[in-house]
Structure formats: structure tokens, C-alpha cells
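S.K.: let me see the structure of the following:
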Amino acid sequence: MKIHQNNIRRQGFSLIELVVVVAIIAVLAALTMGALGFINQKSARDKAKVQIKLLEKALEDYQADNRSLPPSPDSNGERGDEVLYKYLYYDGFETRDSGGVVYLGDLDPENNTKSGQAWIQGKDAQARIVDPYGNPYHYRSGDSPAAVNPDFDIWSAGPDGKTNANPDHDDCLDDIRNW
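M.R.: Numbers count the residues shown, from 1 in each chain. Model prediction:
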């Protein structure tokens, strides 16, 4: 008498195989998220550097036309973003019919999202210039006792939003500056 062995194959995956596949997917997802965070931080930092360069150029143009820089309200540069907005955009925009000069057209709140900068909060004279982290830019003229540059200082407080008038302070480690 012949005995037939059943060669029936079980179909599907074992629990171990499924756990291994899920673990591999989880590791790949974690690596991707970590890389995305790094890329977002680098992108924000690069964007802040570009914005600072744009502000520098506009201030140099302003100084060439007016033979002076906008006054800084304090040595910490706390309200510097409002000063920059007023002198580089708002005053020129308001007096454009009588020859006013807009030094940085990207500061127009109406075109803010079109330019891709998204660095203006508010409208009219109370608008604020903010960095990619949502913090206001700081500005102080070179005649301020705390100034580092002879002409002017512009900086972002960086991702932590903390800064200090003393550039060697621990709060300034992640600042993005023009010096």
C-alpha cells in the first residue's frame, strides 16, 4: 500500500516575516523623517541668510541716497524690524507719488506670498519683518555702542528665538548674522 504525503503548501506570511517587514518600514520612515527635519532646518537657515543679504543691499542703497542709515531704536535691536520696514518700504510707498523710493519691494505685504518670502506680518506702518522661524529680525546702526559692524548689524535670533546684545552670549549660538 502506498502512502501519499500531502504536499499542500501553506499560503501567506508567518508572523515573524510580517514583524520583520514592519520593523524595516519603521526604520526607513524614521530615517526619512530625520532627514526631512535636517533639510527643513537648512532651508530655513539659508532663507534667513538670503533675507539678511536683501536687507543689507536695501540699507546700502538707502545710505547711498540719504547719506545716513535709519536710526536704531535700541542697542539690542529689539524693534529693528519695524525700523527696517518703515524706512525701506513703508515711507517710500506712502510718498511714491512725490518721488519716494521703495528700497525693498519684497516688503510689500500685498505681494508677500507671491514672492515666496512670507516674511511680513501685519500691514501698514505696524508691519513686522520676520525670519523663517517667525521671529522678528534685529537691526542696530553702527553708532550704537553694542554694534559689531561699523555700519549696521542685522541678525535673526535663529530657531530658538533667543538672542543677546553680546554676540558671545550662549543665546547667540544659533543666530544668523551679517557679521
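S.K.: quick one, longest helix in this structure?
M.R.: helix 15-66 (DSSP state H).
S.K.: mind checking how far it is from the chain centre?
M.R.: 10 Å (Cα atoms, centre = their mean, to the nearest Å).
S.K.: what helices and strands are in contact with that helix?
M.R.: For helix 15-66, the elements it packs on are strand 152-156, strand 176-177, judged by 3 or more Cβ pairs under 8 Å, 6 or more residues apart in numbering; DSSP states H and E. Just so you know, the C-beta spots here come from the backbone N, C-alpha and C atoms, and that holds for glycine as well.
S.K.: select, out of those strands, the one closest to Ala23.
M.R.: Counting by Cβ to Cβ, Ala23 lies closest to strand 176-177 out of these; the figure is 39.1 Å.
S.K.: quick one: contacts of the closest one?
M.R.: Arg45, Ala48, Lys49, Ile52, Asp131, Val148, Asp153, Ile154, Trp155, Ser156, Gly158, Pro167 (Cβ atoms under 8 Å, 6 or more residues apart in numbering).
S.K.: what is the neighbour count of the last one?
M.R.: Pro167 has 16 neighbouring residues, counting by other Cβ atoms under 10 Å.
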